[in-house]
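>>> take a look and give me a structure for this.
(one chain, ligands or ions: 1)
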Amino acid sequence: MKRYIPNLLLALSCLLMGSCSKDAEPRIVEAELQVYFDAFVSEAAQHQLEIDLSTLDIGGYVQTIETTGTIGQCISYTNGSKDVVVDESNWNRLDALEKEYVIFHELGHCILRRSHNDTENASGVCESIMQSGEGLCRSDYTISNRSNLLKELFTK
Ligand SMILES: [Zn+2]
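Next comes the predicted model:
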């Protein structure tokens, strides 16, 4: 069974925020997101990429994102700390594979410093999970296509 995250929900963004009181607090990865952060680290390791979350000041939060249609954000603070924030109501509608997709996309920004890539293959399917969601390519993060997309994510 193929499932596509509707493009409308795929507004995945990257913000740069100035100093504010919030970024002075230690960053926390909420338990609900930790499993996906851990999966990101172990998938990276399978592509010879070593990531130690304990050395990165990166948080993960389930919150309400006020911008309509935005499901996830990577927020970079001027002091170097970063947050992945996912929109609670959208998040709760996703299955596990879709949640992984959202977190991996945002950690692609926050940890791998990847920017968007809307390259599509001959069938119109996005070749990267770093697609903007605003391009024309079609998302296909499925069990069968997952390993191709993870290879692209961690080796580009
Ligand atoms: Zn993005």
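>>> quick one: end-to-end length of stretch 121-139, please.
Start-to-end span of stretch 121-139 (Cα to Cα, to the nearest Å) is 11 Å.
>>> give the buried residues for that stretch.
Of the residues in stretch 121-139, 125-133, 137, 139 count as buried by neighbour count, 16 or more other Cβ atoms under 10 Å. In this view, the C-beta of every residue, glycine as well, is placed from N, C-alpha and C.
>>> repeat that for stretch 146-156.
146, 149-150, 152-154.
>>> next: stretch 86-101.
Residues of stretch 86-101 classed as buried: 86-87, 90-91, 94, 98-101 (neighbour count, 16+ other Cβ under 10 Å).
>>> in this structure, what spans have low per-residue confidence?
Within the chain, the stretches with pLDDT under 70 are 1-24.
>>> and if we set it to 50?
1-4, 6-10 (pLDDT under 50).
>>> ranges for the helices of it?
31-45, 88-91, 96-110, 143-155 (DSSP state H).
>>> beta partners of the nearest residue to residue 33 once chain neighbours are set aside?
In this structure, residue 33 finds its nearest non-sequential neighbour in residue 60, 3.8 Å apart by Cβ to Cβ, 6 or more residues apart in numbering. The bridge-partner assignment for residue 60, based on DSSP bridges, gives residue 29, residue 84.
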